[in-house]
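Participant: missing the sequence, but the structure's below:
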């Protein structure tokens, strides 16, 4: 009983301190124009449905972005000048992008593991569990996603491409819905409340859209005998 009491108190305290906030995501949504939102939905749909066709390019781009971020961080530590940060980012982008080509299987497996971590992290967040321990839920997904990626490589491809496409599609659709709401009523807050006040909303639509993408891709992959890893 004492353990249950402690767990309940920990959960209440975590919910009172919203460590994970959707404000950053919502800020990106509100910055999109109609055109940018439509582009996000269009590219996301291609990513979601036909990611299995271009997964190698997507993996190189993804690792290039990781290298860009790490290189900028390293450049900032080596010198505060804008040129140091820029060249550090460029070097990181090139190195990581080039390394991901011969290590494609490992790169895709790593992306599949990260996608698994995002999914289980979303489940943790949706269930209202303590936010400061969300890393525990994410680790479970990373381990599971990594194991599945090495056992069934196609699942890894479909998982990370479907998740990436789902993020773009959802972001674009939310931006379009927000813009429409603002045009109809000046103080429309329905979309904002869905994203920020209901923990289950974003994880639910993200997981559902990812699942739909994986189902569609699985059907298309089975019908494409010329597809090679």
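Facilitator: Received, thanks. Computed from a prediction, not measured in an experiment: that's the story for all the values here. Residues are numbered from 1 along each chain as shown.

Participant: ok, now which ones touch residue 202?
Facilitator: Contact criterion C-beta atoms under 8 Å, 6 or more residues apart in numbering gives 22, 25, 122, 170, 195 as the residues in contact with residue 202. In short, each C-beta sits where N, CA and C put it, glycine included.

Participant: nearest to residue 113, of those?
Facilitator: Top of the list for closeness to residue 113, among the contacts of residue 202 and by C-beta to C-beta, is residue 122 at 15.1 Å.

Participant: I'd like to know how many residues surround residue 107.
Facilitator: By other C-beta atoms under 10 Å, the residues close to residue 107 number 22.

Participant: Please name the residues that touch it.
Facilitator: For residue 107, the contacting residues are 59-60, 62-63, 100, taking C-beta under 8 Å, 6+ apart as the criterion.

Participant: Check pLDDT for the contacts of residue 202 and point me to the minimum.
Facilitator: Going through the contacts of residue 202 one by one, the lowest pLDDT turns up at residue 22, 74.

Participant: residues in contact with that residue?
Facilitator: The contact partners of residue 22, taken as C-beta under 8 Å, 6+ apart, are 195-196, 202.

Participant: Residue 131 contacts residue 125, correct?
Facilitator: Yes: assessed by C-beta atoms under 8 Å, residue 131 is found in contact with residue 125 at 7.3 Å.

Participant: for the protein, which spans come out with low pLDDT?
Facilitator: Counting by pLDDT under 70, the chain shows low-confidence ranges at 1-21, 79-80, 186, 188, 223-229.

Participant: can you map out the helices along the protein?
Facilitator: Counting by DSSP state H, the chain has these helices, from start to end: 2-16, 23-31, 34-50, 55-78, 82-100, 104-126, 134-151, 153-184, 190-197, 201-222.

Participant: separation between the closest residue to residue 92 other than its chain neighbours and residue 82?
Facilitator: Nearest in space to residue 92, with sequence neighbours left out and distances taken as C-beta to C-beta, 6 or more residues apart in numbering, is residue 71 at 2.2 Å. Relative to residue 82, residue 71 is positioned 14 Å away (C-beta to C-beta, to the nearest Å).

Participant: These two: which is more packed in?
Facilitator: Between residue 71 and residue 82, residue 71 has the larger neighbour count (other C-beta under 10 Å), namely 22 against 10.

Participant: Is it correct that the more buried one is in contact with residue 93?
Facilitator: Yes: the pair residue 71 and residue 93 qualifies as a contact (C-beta under 8 Å) at a distance of 6.4 Å.
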